[in-house]
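K.L.:
Mind looking at a prediction? Sequence and model below.
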Amino acid sequence: MAIAAPNTSRTSMAPGTGQSYGAPLATVTTLFFMWGFLTCLNDILVPHLKSIFDLTYFRVMLIQFAFFGAYFVFSLPSAKIIDWIGYQRSMVVGLLTMGVGAFLFVPAASVPSYPLFLGALIVLAAGITCLQVAANPYVTVLGKPETASSRLNLTQAFNSLGTFLAPFFGGLLILSATTRSIEDIRALAPDALQAYRLHEAATVKMPYVGLGITLVLLAIAIGSFRLPKIEHAQHKVGEKVNDSIWRHPNLIFGAIAIFVYVGAEVSIGSFLVNYFGQPEIGGLTEKVAASFVALYWGGAMVGRFFGSALLSGAKAAYMALASVGGVVLFLISAWVARTWAANLAAPSGHFSLTAVLWAIVSILVAARPLFALVAVVAAILAIATTLSGGHLVARTGVLLGICTVSAAALVAISMLTTGHTAMYTIILVGFFNSIMFPSIFTLGVAELGPLTGDGSGVMIMAIVGGAIIPLAQGAIADRIGIHHAFFLPVICYLYILFFALSGSRPNSQRYAKA
């Protein structure tokens, strides 16, 4: 794609002028996949390092505190980096920093040292922060304003693909070894304990080295690709802008919404392996539970495809087809559960074809509630779309409110029940979480113009909620147990409901004359 020289009117085109953004959008989408994959691997690190270092729930949540705390520290500096070097070069800087963080897992596992693991996570998260501050607003302004939410939901769907695959591969590669009980670990002599920790910590080396190499290669690819400049959503260092991000209440309310949303989502995901291991919930081993965590994030991926369709204009025929697909998948998974699953035993040992096949079958069997939900939701949308004349475009705030109420209800049901009901209701929360981040982000940065980069920095900084809220829930879980500690995410969803219905209004609506 030809790009004119800087300082000319042809350097970039404003949205809606006819320029095709398909290729750059596809390129940037790969970044969403990578940071989703790396972020969700934390859900595997939490139970793994908890066992290795004999940590309380509060101490093990320092993993999420270190990772998401980096967003708070590095978001505003990342926004300034965009002002200095532009969106594309900022993405390259973010990828290279992520690569360094991934490689730092090798010395952390070689010691092994919990503080070193936390340090590696901070460096990794610093890179992801820079990447997010650049990529999220870039997608938002890369096209027509009225389809911004739809675009961001679509790219976030591939982010969810990464979060779906991460527990699957993390469970096979990191949790594949047979672990000892806490009582057995505490009974080990000091030398034996150190040898055990070295052996167990070593399982993280290969996955993170492979990811580090991938990140460096991706940085080279992004750096060599000719992405269009979006100068109407960027201002140069020292340039005077007659506006302030603090004059946009939708940004402030949106930052708080991002804080509580990420906190709720990460809190739920971080505790799922241990939650499903509770005797009254599922009594599952860590490895089996990891496949169920994949379903939580897989639901978010499916939900984002639905959200993107609804926000850009859903068609009745497609919704009906999706409903039929959900029914077919439900019937197939029920048949697999009846025919095969009862005779399957979790394979022992490390990564193998048998382990992969076992994980696929396990996920297929466990996904029956998700398939049923897809069938029901798609059928309802097909009917609503038909009644709307065959084409339905949802308002971002309304859709966000509906998903928020649904998520809060499912978490509450899980808290008040046990067994499979508690398991599957908490898993299905992922489906309704799906559109929340991209929708909140799009509504929060609406009408910021050249302050979009700075506003993005504030929004991404609010991801620190993923550090604080899980830590708080960990402290609560140490006192009252995991099961009832989920009341904290419910409170978070209630605030998001306020944002969806009122706090998200941009200045053009908030201050419009009656």
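P.N.:
Yep, it's here.
K.L.:
isn't Leu211 right up against Thr39?
P.N.:
No: Leu211 is beyond contact range of Thr39, at 11.8 Å (criterion: Cβ atoms under 8 Å). From N, CA and C alone the C-beta is placed, and that goes for glycine too.
K.L.:
The two: who's more crowded?
P.N.:
Between Leu211 and Thr39, counting by other Cβ atoms under 10 Å, Thr39 is the more crowded of the two (26 against 21).
K.L.:
How much space separates that one from Ala257?
P.N.:
Note on Thr39: its distance to Ala257, by Cβ to Cβ, to the nearest Å, is 19 Å.
K.L.:
Tell me the helix or strand right after the helix or strand hosting Ala378.
P.N.:
According to DSSP states H and E, Ala378 maps onto helix 368-387. Sequence-wise, the next helix or strand downstream of helix 368-387 (DSSP H and E) is strand 391-392.
K.L.:
coming back round to it: pull out the buried residues from the helix holding Ala378.
P.N.:
By neighbour count on 16 or more other Cβ atoms under 10 Å, the buried set for helix 368-387 is 368-375, 377-379, 381-382, 385-386.
K.L.:
Looking at the residues you listed, which is nearest Phe330?
P.N.:
If you rank the buried residues of helix 368-387 by distance to Phe330 using Cβ to Cβ, Phe371 comes first, at 4.0 Å.
K.L.:
isn't Asn136 right next to Ile460, touching?
P.N.:
Yes: in terms of Cβ under 8 Å, Asn136 counts as a neighbour of Ile460; the distance is 7.1 Å.
K.L.:
Settle it for me: which of the two has more neighbours?
P.N.:
Ile460 (30 against 24).
K.L.:
quick one: contacts for that one?
P.N.:
Ile460 makes contact with Tyr71, Ser75, Ser78, Thr129, Gln132, Val133, Asn136, Ile258, according to Cβ atoms under 8 Å, 6 or more residues apart in numbering.
K.L.:
residues near the last one, how many?
P.N.:
Spelled out, it's Ile258. By other Cβ under 10 Å, the residues close to Ile258 number 27.
K.L.:
mean confidence for stretch 93-112?
P.N.:
In this model, stretch 93-112 carries a mean pLDDT of 93.
K.L.:
Over to stretch 504-514?
P.N.:
Averaged across stretch 504-514, pLDDT comes to 73.
K.L.:
same thing with stretch 445-459?
P.N.:
Here stretch 445-459 scores 79 as its mean pLDDT.
K.L.:
Please identify the buried residues of that stretch?
P.N.:
445-448, 450-459.
K.L.:
ok so, going back, any idea which of the buried residues of helix 368-387 is closest to Ala309?
P.N.:
Ala309 lies nearest to Leu381 out of the buried residues of helix 368-387, by Cβ to Cβ, at 8.6 Å.
K.L.:
Hmm, the closest one is touching Val393, no?
P.N.:
No: using Cβ under 8 Å, Leu381 is not in contact with Val393, being 12.0 Å away.
K.L.:
residues shared between the contacts of those two?
P.N.:
Both Leu381 and Val393 are contacted by Leu310, Ala314, under the criterion Cβ under 8 Å, 6+ apart.
K.L.:
Enumerate every residue touching Gly325.
P.N.:
Residues counted as contacts of Gly325 (Cβ under 8 Å, 6+ apart) are Val374, Ala375, Ala378.
K.L.:
With respect to Ala314, which of those is nearest?
P.N.:
Relative to Ala314, the closest of these is Ala378; by Cβ to Cβ it sits at 9.6 Å.
K.L.:
And the pLDDT for the closest one?
P.N.:
For Ala378, the model assigns a pLDDT of 92.
K.L.:
any idea how far it is from Ala201?
P.N.:
From Ala378 over to Ala201 the distance is 44 Å, taken as Cβ to Cβ.
K.L.:
Quickly find the element holding the nearest residue to Ala109 once chain neighbours are set aside.
P.N.:
Computed as Cβ to Cβ, 6 or more residues apart in numbering, the closest residue to Ala109 that is not its neighbour in sequence is Ala201, at 4.1 Å. Here Ala201, judged by DSSP H and E, is contained in helix 190-201.
K.L.:
any chance you could map the helices in the stretch 301-450 of the chain?
P.N.:
Secondary structure of the stretch 301-450 of the chain (DSSP state H, counting those that start in this stretch): helices located at 316-339, 353-366, 368-387, 396-416, 419-433, 436-444.
K.L.:
which residues touch stretch 398-415?
P.N.:
By Cβ under 8 Å, 6+ apart, stretch 398-415 touches 264, 268, 303, 307, 310-311, 421-423, 425-426, 428-429, 432-436, 439-440, 443, 483-484, 486-487, 489-490, 493-494, 496-497, 499-501, 504.
K.L.:
try 7 Å this time
P.N.:
Stretch 398-415 is contacted from outside by 307, 310-311, 422, 425-426, 428-429, 432-433, 435-436, 439, 483-484, 486-487, 489-490, 493-494, 496-497, 500-501, using Cβ atoms under 7 Å, 6 or more residues apart in numbering.
K.L.:
Which of those residues are buried, as a ChimeraX select command?
P.N.:
For the buried members of these, the matching ChimeraX selection, counting by 16+ other Cβ under 10 Å, is:
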select :307,310,311,422,425,426,428,429,432,433,435,436,439,483,486,489,490,493,496,497,500
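K.L.:
Show me where this structure dips below the pLDDT cut-off.
P.N.:
For the chain, applying pLDDT under 70 flags the ranges 1-22, 143, 145-149, 175-182, 228-243, 340-359, 512-514.
K.L.:
what about the strands in it?
P.N.:
314-315, 391-392 (DSSP state E).
K.L.:
Nothing else from me, thank you.
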